[in-house]
Structure formats: C-alpha cells, structure tokens
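In: Predicted coordinates and the sequence they were generated for:
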Amino acid sequence: DWAGGCLASSREAGDGSTEIECTQCPSPRFNTLLTSEIRNSLGRPAECACPAGTLDSNPLDPRNASSCTPCPAGLYAGEVNSTQCAPCGPGRFSTSTGMTSEDDCRTCEAGRAHSVFGAASADVCVSCAPGRYASRTGSSECEDCP
C-alpha cells in the first residue's frame, strides 16, 4: 500500500513479459484509486496529481514534486493539477498561501471596502470616506449615506 499513491510504469522483463512497476508519488503529489478520473491541465490522466491549492507548472512530468507550488497569498486553486490560481474577489483578501477555495479568503470588515482582485493584505480594505458607508463585510465599494 503506497501512502501517497502509485506512479505506474511498465518494463519488459527478461522472459519477454511485461512487468508493471509502481513507485510512490513524490510529495506533495498524490494518487488515489480514482486516478483515471483525475486529469491534468492537458486533459490527460494525472498519475501523480498536484493537490488543490497548488499550481502544476510541469503537468507532463508527474515525477517532478517541485513543480507543485502553493498559490501565492490572495489567490487560490480549488482543483487538483491547476495551472493557474484564481484571485480573491473584491472586498476579500488573504495573507495565506496554498488556499483551496474563495471561501478561504477573508472579508473586509463593515465600514471598509476595496475593489482589488487578488489582494494579499487587509491593508487594501480602506475606511469609507465621511458621508459614505459599507454596512456589510466583504464590500467592494462604499455607498453614499441616505
């Protein structure tokens, strides 16, 4: 039983038969029994997949563990073998790397707002100017007072 899954390959044995070899996926790459259903960014079976929250910079080389890099702060990747990270939306930010969902992005507190995509700091959440307000958390803009 391989803790991180199996990277299968075959070779011809001395008697002419084909032997299947299994080597462990290099961490953080993984494989499950559903391998044939996991696809890399090129639509091919992903024998050893990069986990959600990371970018797969080299999807053609499932033996390359270093090609799985965490998404930077302010970005996330919800799927395995992602080749790009999606940004936290306006009114949201994240200081953490390797996030797997926009739900992991934090929200600006009420009374503050921002309209930036992919914010990596709460510093982008600015207080509303006098005569304007943001009554809910995660606001992308301040509204005029009634």
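Out: Alright, I've got the coordinates.
In: which SSE is residue 138 in?
Out: For residue 138, there is no host helix or strand (DSSP states H and E).
In: In this model residue 112 seems to touch it, though I could be wrong.
Out: No. Here residue 138 does not reach residue 112: they are 9.8 Å apart, not a contact under C-beta atoms under 8 Å. For every residue, glycine as well, the C-beta is placed using N, CA and C.
In: okay, and the common contacts of the two?
Out: With contacts taken as C-beta atoms under 8 Å, 6 or more residues apart in numbering, residue 138 and residue 112 have no neighbour in common.
In: okay, now residue 79: neighbour count?
Out: Residues lying near residue 79 (other C-beta atoms under 10 Å) number 16.
In: now residue 61
Out: 12.
In: Over to residue 83?
Out: Neighbours around residue 83, by other C-beta under 10 Å: 15.
In: pretty sure it contacts residue 50?
Out: No. Here residue 83 does not reach residue 50: they are 9.4 Å apart, not a contact under C-beta under 8 Å.
In: Tell me where this structure has strands.
Out: Using DSSP state E, the strands of the chain run over residues 6-12, 18-24, 54-56, 68-70, 75-76, 86-87, 92-93, 106-107, 112-113, 126-127, 132-133, 143-144.
In: I'd like to know how far the residue lying closest to residue 82 once chain neighbours are set aside sits from residue 86.
Out: With sequence-adjacent residues excluded and distances taken as C-beta to C-beta, 6 or more residues apart in numbering, residue 82 is closest to residue 55, at 5.9 Å. Distance check for residue 55 against residue 86: by C-beta to C-beta, to the nearest Å, it reads 11 Å.
In: Tell me the residues that contact both of these two, please.
Out: Jointly contacting residue 55 and residue 86 under the rule C-beta under 8 Å, 6+ apart are residue 77.
In: quick one: which of those two has more around it?
Out: The residue with more neighbours, out of residue 55 and residue 86, is residue 55; 21 against 18, by other C-beta under 10 Å.
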